[in-house]
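> model the structure of this input:
(2 chains)
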Amino acid sequence: MNEGKYKIQKIDDYRWRIPREGKMRVDGIVYADEEMMKEIQKDESLQQVINVAYLPGIVGHSLGMPDIHWGYGFPIGGVAAFDLDEGVVSPGGVGYDINCGVRLLRTGLQRHAISGKLETLVNTLFSNIPSGVGSHRKDLKLTLPEEKRVLINGAQWAVSQGYGTKEELEHIEERGCIAGADPELISDRALERGRAQLGTLGSGNHFVEVGYVSEVYDEKIARVLGLEKNGVTIVVHTGSRGLGYQVCDDFIRVMINAAKKYNIDLPDRQLCCAPINSPQGQEYLAAMACAANYAFANRQMITHWVKESFEGALQVSPSESQISIVYDVCHNIAKIEDHIVEGKKKPLCVHRKGATRAFPPQHPQTPEAYKEVGQPVLIPGDMGRCSYVLVGTEKAYTSTFGSTCHGAGRVLSRVKAKKAAGGRNIARELKDQGILVRADSQATLNEELSEAYKDVTEVVDVVEYAGISKKIAQLKPLCVIKG
Amino acid sequence: MLKYKLIDHTADIGIDIFGSTMKELFSNAGYAMFDIITDLSSVDSKNSRTIAVEGIDREQLLVNWLSELLYLHEVENILFKEFCIDKIEDNRLVATLCGEPLDERKHIIKTGIKAVTYHNLSVKEENNRWKARVIFDL
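Next comes the predicted model:
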């Protein structure tokens, strides 16, 4: 459709450059193979890579990961880092679902031990974890002071309420709490939307998936991550629910005015932003931290109900199920991190919009348990195929601000996916493949069908060949609950 | 006349909205959003209420209008089916909404909308025909 619309130079088999021109301040670089690059040019995502390169204070390159696709403002699969003095922070570079992320749990169970009980397990998970649009917990509506504590303390709040243990916090990005959160910056609307939604999955592509380790690519590292072939795993994918959407919405309004005030030329209103060191920039980061912490608490609580569901459905004790966290990553976030710019260590504001942090071995923020192997990276695929566990690398740290892909990336719009699913019984098709699905809505199931996504294996192969992550294990689904 | 049509956006969903007046355009935008969310034929106009919305210009007014409807839908668990724009200017509107509380036995949710974005946003008038484009985050 738009092929030939962009000037693209091939750097090597897995990297493509969009050279700086016009108002671009830096080059764009996209990680993809030749076939993917053809697909990527069909939608507007490369224009979005270019638009991000217009923003003041951008450092290095405007980056696209191989799962890049057309988003709003930033592309999904976009990474951009900004100088703290010259640069900007943009709510559109984080997205509405602030700290949407993925958590991987390991268990002490083997695949064969649960194969006869999957039906009960999936039904138990479905009834214990509210899902769907506007899903809320009938048993838990936070008081306002309590909700503010969630926003300040994140997963630590959840642990203090008995959802999991302190040790688990070591296995969460930022230990489940981004510093500097100020709940006084959160609107009444955002607080209202958040009050009854903590501990819920939501709709769209969010899910809890029980699976097993189907392949191990690096035995030694897999052992450090506590993963072994045929071991049962659980992936939780959700974010900050209505609270996060409202924070983004509120701050986009603030930033539209701020961009005018600071004379920032915007190629797309959704890219509205403010200087990082301006009051608006600082307030957004403090409000974003609140929403991010809400999301960490959300995944921590869902983990608790996953554990309870396993114990109930499989009639096992906690010492038998041995469910623990491998790691928990954010994939819609802006973080202040130290990176090497022109040979010098410098703090930058790294926006990851549909991208995952992938820090190398020995990095101070790589958790103690994984110091020798690198930070675990969790890449969920679609419902019918598989997911991957990777680790971060030195090359990611030096070339992509310690970032990698976040998932499969859509290829079919939801409209086309629905058409492709027309008349088919997607749940039945998955069941025939041995995968049980419970979804709040049939429409969600149709939109999320396998063919709607790029093959995650191809995405992961690109980041592995390009050296920005290392493939450790593959997971295959057994049962899934969806919003 | 066609009220709206879906446009193909890879990750999310977009709509082109049409109207012969600005009032009709905004009314059709509300209709389009709830037509995406639910099956409107099963929703009755049991309750009505009046809301006022502001924005810095037409475009933001459209985003704020739809965001307001989405907020009320989520927080108060309501489905709207009628959107009567009583007054409209470039930066504000007053509307009367009709609908009913969401009842899981009666209604279905087809698609959850997280937010109304500013990406590719436009509101235009050409030859007495109004047209707008909005992309939703799903």
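> looking at chain A, which strand is longest?
Secondary structure of chain A per DSSP state E: the longest strand is strand A:469-482.
> that one pairs with which strands?
Looking at strand A:469-482 with DSSP bridges, its partner strands are strand A:207-216 (antiparallel), strand A:387-392 (antiparallel), strand A:436-439 (parallel).
> and the residue nearest the centre of chain B?
The centre of chain B sits closest to residue B:30, judged by CA atoms, centre = their mean, with a distance of 2.0 Å.
> for the residue nearest to it when sequence neighbours are not counted, which three-state class applies?
Nearest residue to residue B:30, sequence neighbours excluded (CB to CB, 6 or more residues apart in numbering or on different chains): residue B:83, at 3.5 Å. In this view, the C-beta of every residue, glycine as well, is placed from N, C-alpha and C. In three-state terms, and counting by DSSP: H, G, I helix; E, B strand; the rest coil, residue B:83 is strand.
> would you mind listing what in chain B touches chain A?
Applying CB under 8 Å from any CB of the partner chain, one finds that chain B approaches chain A through B:6, B:8-13, B:37, B:56, B:59-60, B:67, B:71, B:73-75, B:77, B:102, B:108-112, B:114-121, B:135, B:137-138.
> which of those fall in helices?
B:37, B:59, B:60, B:67, B:71, B:73, B:74, B:75 (DSSP state H).
> the first one: what's it in contact with?
Each residue near residue B:37 by CB atoms under 8 Å, 6 or more residues apart in numbering or on different chains is listed here: A:133, B:73, B:79, B:109, B:110, B:111, B:112, B:113.
> surely the third one and residue B:98 touch.
No. Under the contact definition of CB atoms under 8 Å, residue B:79 does not touch residue B:98, with a separation of 10.3 Å.
> and these two? which has more neighbours close in?
residue B:79 (21 against 16; other CB atoms under 10 Å in any protein chain shown).
> so in terms of bridging, what pairs with that one?
residue B:100.
> quick one, what contacts it?
Taking CB under 8 Å, 6+ apart as the test, what residue B:79 contacts is B:34, B:37, B:38, B:40, B:43, B:73, B:99, B:100, B:101, B:102, B:107.
> same thing with residue B:20?
B:1, B:128, B:129, B:130.
> now do the contacts for the first one.
If you count contacts by CB under 8 Å, 6+ apart, residue B:1 has them with B:18, B:20.
> list the buried residues for the longest helix seen in chain A?
Secondary structure of chain A per DSSP H: the longest helix is helix A:279-314. Judged by neighbour count (16 or more other CB atoms under 10 Å in any protein chain shown), helix A:279-314 contains these buried residues: A:280-311, A:313-314.
> Three-state assignment for the residue of chain B positioned farthest from its centre, please.
Most distant residue from the mean C-alpha position of chain B: residue B:105, 24.2 Å away (CA atoms, centre = their mean). Under three-state DSSP, the three-state class of residue B:105 is coil.
> one more: residue A:179?
coil.
> give me the pLDDT value at it.
Looking at residue A:179, its pLDDT reads 96.
> again with residue A:134
Reported pLDDT for residue A:134: 63.
> give me the nearest residue to residue A:207, chain neighbours excluded.
residue A:482 (4.7 Å).
> can you report how many residues neighbour the one you found?
Residue A:482: 24 neighbours (other CB under 10 Å).
> does it touch residue A:442 like I think?
No. The pair residue A:482 / residue A:442 is not scored as a contact, 10.6 Å apart, by CB under 8 Å.
> residues touching the residue of the stretch 151-300 of chain A found nearest chain B, list them.
Chain B sits closest to residue A:203 of the stretch 151-300 of chain A, with a gap of 3.3 Å, by CB to the nearest CB. Residues near residue A:203 by CB under 8 Å, 6+ apart: A:131, A:132, A:133, A:135, A:440, A:441, A:444, A:483, B:109, B:111, B:112, B:138.
> go again using 10 Å as the cut-off
Going by CB atoms under 10 Å, 6 or more residues apart in numbering or on different chains, residue A:203 touches A:131-135, A:241, A:439-441, A:443-444, A:482-483, B:109, B:111-114, B:138.
> shouldn't it be within a strand?
No. Counting by three-state DSSP, residue A:203 is not found in a strand; it is coil.
> excluding chain neighbours, what is closest to it?
Nearest non-adjacent residue to residue A:203 (CB to CB, 6+ apart): residue B:112, at 3.3 Å.
> do you know how far the one you found is from residue B:33?
Using CB to CB, to the nearest Å, residue B:112 is found at 12 Å from residue B:33.
> list the buried ones in the host helix or strand of residue B:28?
Residue B:28 belongs to helix B:22-37 when elements are defined using DSSP states H and E. Residues of helix B:22-37 classed as buried under the neighbour-count rule (16+ other CB under 10 Å) are B:22-37.
> try stretch A:218-233
A:218, A:221, A:222, A:224, A:225, A:226, A:227, A:231, A:232, A:233.
> does residue A:121 really touch residue A:211, like I thought?
No. Using CB atoms under 10 Å, residue A:121 is not in contact with residue A:211; the gap is 11.9 Å.
> now the common contact residues for the two.
With CB under 10 Å, 6+ apart, residue A:121 and residue A:211 have common neighbours A:232, A:478, A:479.
> show me what the first one is bridged to.
When bridges are taken as DSSP bridges, the partners of residue A:232 come out as residue A:212.
> got the contact list for residue A:302?
A:103, A:125, A:128-130, A:158, A:163, A:198-201, A:208, A:234, A:236-238.
> rerun that using 6 Å as the cut-off
A:129, A:236 (CB atoms under 6 Å, 6 or more residues apart in numbering or on different chains).
> measure it to residue A:239 for me?
11 Å.
> now residue A:439
Counting by CB to CB, the gap from residue A:439 to residue A:239 is 18 Å.
> between these two, which one's more packed in?
Under the criterion of other CB under 10 Å, the comparison of residue A:439 against residue A:239 puts residue A:239 first, with 30 against 22.
> that one contacts residue A:97, doesn't it?
Yes. Counting by CB atoms under 6 Å, residue A:97 is a contact partner of residue A:239 at 4.0 Å.
> now that we're looking at residue A:4, what pLDDT does it have?
Residue A:4 is given a pLDDT of 63.
> ditto for residue A:382
Confidence for residue A:382, expressed as pLDDT, is 85.
> right, and it touches residue A:452 too?
No. Look at residue A:382 against residue A:452 with CB under 6 Å: they stay out of range, at 7.1 Å.
> what's the burial count for residue B:2?
By other CB under 10 Å, the residues close to residue B:2 number 8.
> is it fair to say it lies in a helix?
No. Under three-state DSSP, residue B:2 falls outside any helix and is assigned coil.
> how about it, what does it touch?
Contacts of residue B:2 (CB under 6 Å, 6+ apart): residue B:18.
> now the one 5 residues further on
Under the criterion of CB under 6 Å, 6+ apart, the contact list for residue B:7 reads B:14, B:16.
> which SS class is the nearest residue to residue B:124 once chain neighbours are set aside?
Ranked by CB to CB, 6+ apart and with sequence neighbours excluded, the top spatial neighbour of residue B:124 is residue B:131, at 5.2 Å. Assigned with three-state DSSP, residue B:131 falls in the strand class.
> then residue A:340?
Reduced to three states by three-state DSSP, residue A:340 is strand.
> tell me the bridge partners for it.
Residue A:340 has the following beta-bridge partners by DSSP bridges: residue A:345.
> quick one: it from residue B:45, how far?
Distance from residue A:340 to residue B:45, by CB to CB: 61 Å.
> any idea which helix or strand comes after the helix or strand residue A:118 falls within?
Residue A:118 is located in helix A:118-128, with elements delineated by DSSP H and E. Per DSSP H and E, helix A:118-128 leads on to helix A:144-153 as the next helix or strand towards the C-terminus.
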